[in-house]
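>>> Fold the following and give me the result.
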Amino acid sequence: MKPIRTILAVALSLACGVALAQDVADFTVLAGKAVTCTDSVVEGNVGLGDLGAITNTRCDISGSTVVGASGAYGSFLDYYAAVRDQPPCQYYEVPLAGAFLPPGVYCYDAAVTVTGGTLTLVGSATDSWIFRIGTGGTGALTGTSFKVVMTGGATCNNDVLWWTAQAATLDASDFKGSILAGADITVTGGVLAGQVLAGGTGMNEDGMRTGAVTLTGAVVDYCPANVPPPVPPLLPVFVIGDVEPHAVGNVVNFWGAQWWKNNVMSGIVSPGASRASFKGYATRAELVCGGSWDSVPGNSPPPPATIPADIAVVVTSTVIKSGPNLGGNIEQIVVVSQDGGYGPNPGHAGNGLVTSIVCTQPQ
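Predicted coordinates for the structure are as follows:
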């Protein structure tokens with residue numbers, strides 16, 4: 001995950017005149033008054049703005065622990081204040097659980113709670129997402145078993161930022177993005193790929209710094225060395241046969257009038273006439289290896305008029321007829337970069353290059 005200074009360098013320097021310093025980027029965890037780390041892993045440095053306590057109980061911290069990092073903490077407060085209003089909001093109150101979101105700035109007037117949901121960020125390694133929670137003055141982020149995935153994979157070039165007016169609490173989550181919280185941050189279990197920066201509201205009524213970070217049984221790393229593979233992009237989903245070459249670098253035919261000739265399955269197939277009426281578009285699919293897909297044969301319902309440059313493609317070993325429907329298994333899911341020739345008429349074939357394999361069904 002790209003450090004905070006890089007995420008906001010252009011937007012904030014232009015919009016707010018904020019001088020972005022290197023020092024915040026030196027910390028994976030930064031708090032105002034306290035850091036408590038128990039049975040966790042932190043890849044990077046841990047810092048505290050005040051002369052308070054950094055409590056380490058069986059934590060593996062790869063970097064340094066710095067008490068009294070007032071310069072870095074002061075820079076963080078500048079960032080936090082700037083992000084309150086800039087860049088401008090583009091989307092409002094968009095639900096996160098089950099969403100597929102393009103790059104942009106997403107704003108929420110009050111608190112956001114996600115339980116057991118997956119958020120898919122659809123874009124490339126150079127795109128940016130900013131989530132601003134509590135724009136009305138109060139609002140915390142709470143995630144339980146909250147999973148954030150990225151179609152471009154999670155690397156140091158991805159830009160994901162979560163700003164909260166108040167606290168941020170994550171429990172058993174697989175989270176992507178750096179958190180700038182107005183109050184405390186608590187991470188229990190799970191993995192967070194990003195920076196954890198707490199206490200953006202500055203001082204309390206007693207003149208003491210706000211913001212504590214508590215990590216329990218968690219892993220926090222803002223620049224993971226092991227990058228997960230890309231995940232399937234947005235639907236639509238097309239189907240290819242498992243006998244035809246479909247390794248990374250192979251060209252496949254996922255849609256068109258000649259689909260049934262170009263795609264051969266190793267398992268049971270439906271009667272020839274029914275199979276010949278299928279053009280490759282799956283109207284329903286479980287995007288998991290070992291799952292299933294189905295479709296109405298022929299051109300009804302029609303596929304979408306346009307499709308993304310990169311699409312999820314199911315590799316199947318069976319096509320079976322059940323009443324009016326065709327369906328089959330999911331041996332693999334691959335990502336295909338289509339060549340631009342696709343059209344909803346099967347005379348405009350869909351072809352493309354396999355760029356990655358997302359998963360393979362265990363044998």
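
>>> got the buried residues for whatever helix or strand Ser337 lives in?
Element membership of Ser337 [criterion: DSSP states H and E] is strand 332-338. Judged by neighbour count using 16 or more other C-beta atoms under 10 Å, the buried positions of strand 332-338 are 332-336, 338. (Glycine included, C-beta is placed from N, CA and C.)

>>> Kindly report the same for stretch 263-281.
Under 16+ other C-beta under 10 Å, the buried positions of stretch 263-281 are 263, 265, 269-270, 274-281.

>>> So which of the residues you listed sit within strands?
Tyr281 (DSSP state E).

>>> ok, the buried residues of stretch 263-281 vs Ser178, which is closest?
Tyr281 (38.7 Å; C-beta to C-beta).

>>> And that closest one, how close does it get to Gly323?
In this view, Tyr281 and Gly323 are 18 Å apart by C-beta to C-beta, to the nearest Å.

>>> Likewise for Val196?
53 Å.

>>> Equivalent analysis for Val191, please.
On the measure of C-beta to C-beta, Val191 and Gly323 end up 44 Å apart.

>>> what about these two, which has more around it?
Taking other C-beta atoms under 10 Å, Val191 and Gly323 do not tie; Val191 has more neighbours (18 against 5).

>>> quick one: that one from Thr120, how far?
Val191 is 17 Å from Thr120, by C-beta to C-beta.

>>> Can you pull out the low-pLDDT segments for the stretch 51-200 of the chain?
100, 124-125, 152-158 (pLDDT under 70).

>>> all helices for it, in order.
If DSSP state H, counting those that start in this stretch is used as the criterion, the helices of the stretch 51-200 of the chain fall at 70-83.

>>> Next, count neighbours for the residue nearest to Leu121 when sequence neighbours are not counted.
Excluding its sequence neighbours, the residue lying closest to Leu121 (C-beta to C-beta, 6 or more residues apart in numbering) is Met150, at 4.7 Å. When counting by other C-beta under 10 Å, one arrives at 24 neighbours for Met150.

>>> Am I right that Met150 is in contact with Lys176?
Yes. Counting by C-beta atoms under 8 Å, Met150 does reach Lys176; the two are 6.1 Å apart.

>>> ok now do the most centrally placed residue in the chain, which residues does it touch?
Compute the mean C-alpha point of the chain, and by C-alpha atoms, centre = their mean the closest residue is Val149, 2.7 Å away. By C-beta atoms under 8 Å, 6 or more residues apart in numbering, the residues touching Val149 are 118-121, 174, 176, 231.

>>> if we take those residues, which one ends up nearest to Ala247?
Val231 (19.0 Å).

>>> On the pLDDT front, check that closest one for me.
Looking at Val231, its pLDDT is 56.

>>> domains of the chain?
Domain ranges of the chain: 4-221, 237-360, per automatic domain parsing.

>>> Of the ones you listed, which stretch is the most buried?
Stretch with highest mean neighbour count among these: domain 4-221 (a mean of 19; mean count of other C-beta atoms under 10 Å).

>>> The longest strand belonging to the chain: partners in the sheet, and parallel or antiparallel?
As assigned by DSSP E, the longest strand anywhere in the chain is strand 350-360. With DSSP bridges as the test, strand 350-360 is paired with strand 251-255 (antiparallel), strand 332-338 (antiparallel).

>>> what about the first one, average pLDDT?
To tie it back to what came earlier, the one meant is strand 251-255. 96.

>>> CA atoms only: put that strand into CSV for me.
Backbone C-alpha positions of strand 251-255 (Å, rounded to 0.1, in the frame of the first residue of the first chain) are rendered in CSV as follows:
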residue,chain,number,x,y,z
VAL,A,251,-5.6,-16.5,-26.7
VAL,A,252,-9.1,-17.8,-26.0
ASN,A,253,-12.5,-17.4,-27.6
PHE,A,254,-15.1,-16.7,-24.9
TRP,A,255,-18.0,-15.5,-27.0
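
>>> which outside residues touch that strand?
By C-beta under 8 Å, 6+ apart, strand 251-255 touches 238-240, 244-246, 259, 262-263, 279-281, 303, 311, 313, 334, 336, 338, 342, 346, 349-354.

>>> next one: it to chain centre, how far?
27 Å (C-alpha atoms, centre = their mean, to the nearest Å).

>>> Stretch 253-265 too?
32 Å.

>>> from the buried residues of stretch 263-281, which single one is nearest Gln361?
Met265 (14.1 Å).

>>> How about that closest one: what's its closest non-neighbour residue?
Nearest non-adjacent residue to Met265, counting by C-beta to C-beta, 6+ apart: Gly241, 4.7 Å away.

>>> Next: Thr201.
Gly182 (4.4 Å).

>>> For the one you found, give its distance to Phe278.
Counting by C-beta to C-beta - Gly182 and Phe278 are separated by 54 Å.

>>> try Thr126
For Thr126, the distance to Phe278 equals 37 Å [C-beta to C-beta].

>>> What of Leu161?
In terms of C-beta to C-beta, Leu161 sits 44 Å off from Phe278.

>>> now do Asp339
Taken as C-beta to C-beta, the span from Asp339 to Phe278 is 21 Å.

>>> Repeat that for Ala193.
On the measure of C-beta to C-beta, Ala193 and Phe278 end up 40 Å apart.

>>> now Ile133
45 Å.

>>> And stretch 72-86, how far out from the chain middle?
That offset, for stretch 72-86, works out to 24 Å (C-alpha atoms, centre = their mean).

>>> so what does the helix or strand where Lys261 lies touch, helix or strand wise?
Of the helices and strands defined by DSSP H and E, Lys261 is found in helix 259-262. Contacts defined by 3 or more C-beta pairs under 8 Å, 6 or more residues apart in numbering; DSSP states H and E place helix 259-262 against no helix or strand at all.
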